[in-house]
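Novice: Sequence below, structure please.
(2 chains, ligands or ions: 4)
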Amino acid sequence: MTTREQATNYQHLQTRAEDDVILEIRNASVRFDMDRGSARVLDDVNMDIYRDELLGIVGESGSGKSMFASAILDAVVEPGILQGQIIYHRKEGEPIDILQLEPDELRRLRWDEISMVFQGAMSSFNPTMTVRGHFEETIRAHGADMGERMSHVRHLLSELYLEPERVLDVYPHELSGGMKQRALIALSLVLDPEVLIMDEPTAALDLLMQRSILSLLYDLQQTYDLTIVFITHDLPLVAGIADRLSVMYSFQFVEVGESEEIIRNAAHPYTRALLKSVPSIDTPLDEMSHIEGESPDPVNIPAGCSYHPRCPIATSICVEQDPEFFEVDEDHWAACFHWEEAADAVEYSISSGELTAEDVTVEPDEEDDSG
Amino acid sequence: MSSKEPVISLENIEVHFELGGFIDKLRSDVDTVKAVDGVSLEIGENDVVALVGESGCGKTTLGKTAVGLQRPTGGAIRYRGQDIWETKDSRRSVGDYEFEEIRRSLQIIHQDPGSSLNPHRTVMGQLVDPIKKWYPEMNPGQREENLFELLSRMGMKPPEDYANRYPHQLSGGEQQRVALGRALMLEPDLVLADEAVSALDVSLRVEMMDLMLELQDVVNTSYLFISHDLANARYLAGRADGYIGVMYLGNIVEIGPVDQIINDPQHPYTQILRWATPQLNPDLAKKAHEQEIPVREVDIPDPIDPPSGCHFHPRCPQARAICAKEEPELIDPVGEGTRAACYRADDNHEYWNSPSIDDVEEELTVNP
Ligand SMILES: Nc1ncnc2c1ncn2[C@@H]1O[C@H](COP(=O)(O)OP(=O)(O)OP(=O)(O)O)[C@@H](O)[C@H]1O
Ligand code: SF4
Ligand code: SF4
Ligand SMILES: [Mg+2]
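Specialist: Ligands and ions are numbered 1, 2, ... in the order given. This next block holds a predicted model:
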């Protein structure tokens, strides 16, 4: 196993007033001990999540995104070992370290304050209970006002393009995958949480449904002062709605900044390569290309900067030391020694958009409005 | 393509599934899903055709029909001009090709790479059978040499190492490459790739598609590429100068060269798919999110009971009364090879004088 230098990856934090931060993740690590060695699937991660922001977390599969999500709610599956601190700043009262909570305190916090839609969670419905039963059970368990909450549920369901009366009285298997997924999103919002963590929430949905749910999340976030952490491997999906984007590689964050800034001026060589490698509808075809090399094995993470075996501008320092975060611009950080050279080494462009929006956007016919 | 027969031609293909059990059938109380409902399509030599559409639109069924894995309930499918099912059913030869030969020329790779490989056999084991079957003259040494060559070509180096791994010791991307290699080893004329990159991480999709194109040059095959994602379809078909076909509830509603489908779509459904596909440009992406989704209904109608007239009319923002009555045919509005099945593509259609569909629907509800 490689020993890694304990990096003090804090520079990218504390750039905001304390009131603005709702979750502080400090030195969070998750380890699984396996026959072939110890796998570090979250590697000393530090991150601040701002109040009322929509933070997009992107990275290839297996990079640790879901582990990060589970860590926030102390929900790492057995036999994973989670270490570190997760500080939650309530609206009122003292900050809480989530990892120190008693089981019943943690249960209360989930749903009420921080709620989560897990990847592939459609199977988390109980097949013998109606959809209504799921909502009522959650409301009851948290001692909330049934009548008032159920009317909120009906509102949420219709916002999600579901007919409340039709959906509530059926069993989960009677719903299509997309409908189940939407019902689950409604369930996660039933108690008006402060934070919503969503892990690939739209992966099972058709394009139009996916698109309308994203717009809806965007609206919900604006209307209900919600903090949303949206996790996906599909960068273009979240780029349009996220305030900030945070890129994971090899079980760590390698870049974080305002969404638009990351898309236009990514500073980390990996982020730049990722932007080139993702099929998108508007990038010129001959500018897309895949990333050479292999994703790291959690049992054997390369020493120094774990991207060095694939990085076109790696030097000897990259092999020896784990880079800290460097400030690229205001609120834009990249964990790379040579970020200033990345732009020349890994070029990409995003379309100017001349031929898209108006031409293809479907506006309902003017004449039709008369009727 | 004009001088020679296309590799595959589908003529007015229908695939209707009857739902329900034996008793229902006795009572002739069956629902029919028209998974494919009158599609014609030609795939030439070294062609790439990408089919896109939402779940349940019939892409997979059409694809399976095109490679002879699904018998159509109507219409004809021909391999180089020779009817595939007639070849299968007839005891005498009906043309130049035996059914087995046709079968071998038409290969498939599935969405889920894991399930299409045998978990109990090594990569070598999976790949060696087809070689033995189709190239009986090769000796074991030659077989191994060919196989290692193939693995290296697919970026699985060192091949000796990969050859001895079991599927669970491969990443999803590697499993999919093995499946591709296995299909291409038979030097097929057409490979159906059904959501073949969808299960892969986005950052691996381009790599897989690049490999498909690189090997296309080597074996001279055509691809019928099925995807619900317009960005993937654009990449593969775009790089190969191919076509994109857009399916909706059993029909191809628009088909044409990649550039035209992406940049100048004619059918309202294609325009909406285009609009709904996430774009990287932050200005455009933001703008799209601020707009209302331009469909009248977000959910796809039940395919058992598809809407009358143009199947898209309940969702189409431009639907007019006439759209609920008759089904539009594919026509070529610009005369440049793109065909769309929408009345709007025809400047002289009575559509333009038809009243708004909302008026008609109101009438229907008031006065049922
Ligand atoms: N063997 C079958 N028996 C009955 N109905 C079927 C059968 N196969 C497919 N169907 C139905 O035919 C329609 C088209 O199915 P198909 O699998 O071709 O869709 P698709 O476009 O590939 O969808 P997806 O994106 O979800 O894979 C669907 O309504 C499906 O339920
Ligand atoms: S330049 Fe060095 S530090 Fe930066 S990404 Fe490459 S290997 Fe890592
Ligand atoms: S025919 Fe009518 S309903 Fe169908 S796509 Fe065209 S405008 Fe819309
Ligand atoms: Mg399918």
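Novice: Show me where the stretch 251-371 of chain A has its strands.
Specialist: Residue ranges of the strands in the stretch 251-371 of chain A, as given by DSSP state E, counting those that start in this stretch, are A:252-258, A:326-329, A:332-334.
Novice: what does the domain assignment say about chain A?
Specialist: With automatic domain parsing as the criterion, the domains of chain A are listed as A:3-253, A:266-345.
Novice: So what touches stretch A:282-295?
Specialist: Contact with stretch A:282-295 is made by A:60, A:62-63, A:250, A:270, A:273-274, A:276-280, A:309-310, A:347-351, A:353, A:356, B:171, B:203-204, B:206-207, B:210, B:234-235, B:238-239, B:279-281, B:284, as judged by Cβ atoms under 8 Å, 6 or more residues apart in numbering or on different chains. Where C-beta positions appear, they are placed from N, C-alpha and C, glycine not excepted.
Novice: Where is the longest helix in the chain?
Specialist: No chain specified, so I'll use chain A. Criterion DSSP state H: the longest helix present in chain A is helix A:207-223.
Novice: other chain: chain B
Specialist: Among all segments of chain B classified by DSSP H, the helix with the greatest residue count is helix B:202-219.
Novice: packing partners for that one?
Specialist: helix A:269-277, helix B:140-153, helix B:172-184, strand B:222-227, helix B:230-239 (3 or more Cβ pairs under 8 Å, 6 or more residues apart in numbering or on different chains; DSSP states H and E).
Novice: what inclination does the third one have with respect to helix B:202-219?
Specialist: Regarding helix B:172-184 and helix B:202-219, their directions subtend 20 degrees when assessed with axes from the mean of the first three to the mean of the last three Cα atoms, to 10 degrees.
Novice: list the contacts for the residue of the stretch 101-250 of chain B found nearest chain A?
Specialist: Chain A sits closest to B:E207 of the stretch 101-250 of chain B, with a gap of 3.6 Å, by Cβ to the nearest Cβ. Applying Cβ under 8 Å, 6+ apart, we find B:E207 in contact with A:277, A:290-291, B:155, B:173.
Novice: Where does the nearest residue to A:G240 once chain neighbours are set aside sit: helix, strand or coil?
Specialist: Using Cβ to Cβ, 6 or more residues apart in numbering or on different chains and skipping residues adjacent in sequence, the residue nearest A:G240 is B:A285, 2.8 Å away. For B:A285, the assignment made with DSSP: H, G, I helix; E, B strand; the rest coil gives helix.
Novice: Make sure B:A285 is actually in contact with A:V238.
Specialist: No - assessed by Cβ atoms under 8 Å, B:A285 is found out of contact with A:V238, at 9.6 Å.
Novice: what does the longest helix of chain A contact?
Specialist: A:52, A:54, A:159-161, A:178, A:181-182, A:185, A:189, A:198, A:201-202, A:205, A:226-228, A:230, A:237, A:240-241, B:54, B:228-230, B:272-273, B:276-278, B:289, B:293, B:295, B:298-299.
Novice: just checking, what packs against whichever helix or strand comes after it?
Specialist: Downstream of helix A:207-223, the first helix or strand assigned by DSSP states H and E is strand A:227-232. For strand A:227-232, the packing partners by 3+ Cβ pairs under 8 Å, 6+ apart come out as strand A:37-50, strand A:54-58, helix A:65-72, strand A:195-199, helix A:207-223.
Novice: Direction included, what does strand A:227-232 pair against?
Specialist: Applying DSSP bridges to the sheet, strand A:227-232 is found paired with strand A:54-58 (parallel), strand A:195-199 (parallel).
Novice: That strand: what's the following helix or strand?
Specialist: Following strand A:227-232 in sequence order, the next helix or strand is helix A:235-239 (DSSP H and E).
Novice: Which strands or helices does that next one pack on?
Specialist: So helix A:235-239, by 3+ Cβ pairs under 8 Å, 6+ apart, packs with strand A:54-58, strand A:244-249, helix B:282-290.
Novice: residues near the nearest residue to A:P164 once chain neighbours are set aside, how many?
Specialist: Once flanking residues are discounted, A:P164 sits nearest to A:R154: 4.0 Å by Cβ to Cβ, 6+ apart. Here the number of neighbours of A:R154 (other Cβ atoms under 10 Å in any protein chain shown) works out to 17.
Novice: helix, strand or coil for A:R154?
Specialist: Strictly by three-state DSSP, A:R154 counts as helix.
Novice: ok, now which ones touch the residue of chain B found nearest ligand 2?
Specialist: Closest approach between chain B and ligand 2, counting by Cβ to the nearest ligand atom: B:S203, at 15.7 Å. Listed by Cβ under 8 Å, 6+ apart, the contact set of B:S203 reads A:60, A:233, A:274, A:277-278, A:290-291.
Novice: Serialize these to CSV and add fields for neighbour count.
Specialist: Shown next, in CSV, are these (neighbours: other Cβ atoms under 10 Å in any protein chain shown):
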residue, neighbour count
A:E60, 22
A:H233, 24
A:L274, 25
A:S277, 22
A:V278, 25
A:H290, 20
A:I291, 22
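Novice: The nearest residue to B:H349 once chain neighbours are set aside and B:A319: what is the separation?
Specialist: Spatially, and ignoring its direct neighbours in sequence, B:H349 is nearest to B:Y343 (4.5 Å; Cβ to Cβ, 6+ apart). As judged by Cβ to Cβ, to the nearest Å, B:Y343 and B:A319 stand 10 Å apart.
Novice: quick one: which of these two has more around it?
Specialist: Ranked by neighbour count (other Cβ under 10 Å), B:Y343 and B:A319 place B:A319 first, with 29 against 22.
Novice: Now do the same for A:D286: its pLDDT.
Specialist: If you check A:D286, the pLDDT there is 87.
Novice: That one and ligand 1: what is the separation?
Specialist: 29 Å (Cβ to the nearest ligand atom, to the nearest Å).
Novice: Touching, the residue nearest to B:H349 and B:P328? I think so.
Specialist: Yes - using Cβ under 8 Å, B:Y343 is in contact with B:P328, at 5.3 Å.
Novice: what sits in contact with each of the two?
Specialist: The contact sets of B:Y343 and B:P328 overlap at B:C310 (Cβ under 8 Å, 6+ apart).
Novice: related to what we said a few turns ago, so what's the gap between the longest helix of chain B and the chain middle?
Specialist: Centroid displacement of helix B:202-219 relative to its chain, using Cα atoms, centre = their mean, to the nearest Å, is 17 Å.
Novice: Would you mark the buried spots in that helix?
Specialist: If you call a residue buried by 16 or more other Cβ atoms under 10 Å in any protein chain shown, then helix B:202-219 has these buried ones: B:202-212, B:215-216.
Novice: and A:R40, what is it in contact with?
Specialist: A:29-31, A:251, A:298, A:301.
Novice: burial of B:E160, as a residue count?
Specialist: When neighbours are counted by other Cβ under 10 Å, B:E160 registers 11.
Novice: now swap in the one 10 residues further on and tell me
Specialist: Other residues near B:L170 number 19, with proximity taken as other Cβ under 10 Å.
Novice: and if you look at A:Q100?
Specialist: Neighbours of A:Q100 under the rule other Cβ under 10 Å: 11.
Novice: Could you do the one 3 residues further on as well?
Specialist: Other residues lying near A:P103 total 8 when counted by other Cβ under 10 Å.
Novice: roughly how far apart are it and ligand 3?
Specialist: In terms of Cβ to the nearest ligand atom, A:P103 sits 55 Å off from ligand 3.
Novice: Flag the shaky bits of the chain, pLDDT-wise.
Specialist: Defaulting to chain A. A:1-12, A:14-18, A:119-123, A:352-371 (pLDDT under 70).
Novice: actually chain B
Specialist: Counting by pLDDT under 70, the ranges of chain B that qualify are B:1-3, B:21, B:24-26, B:28-29, B:333-335, B:359-368.
Novice: And the strands in it, which stretches?
Specialist: Counting by DSSP state E, chain B has strands at residues B:8-18, B:32-43, B:48-52, B:74-79, B:82-83, B:106-109, B:190-194, B:222-227, B:243-248, B:251-257, B:339-340.
Novice: Now B:Q175. Nearest residue, chain neighbours left out?
Specialist: Excluding its sequence neighbours, the residue lying closest to B:Q175 (Cβ to Cβ, 6+ apart) is B:P113, at 3.6 Å.
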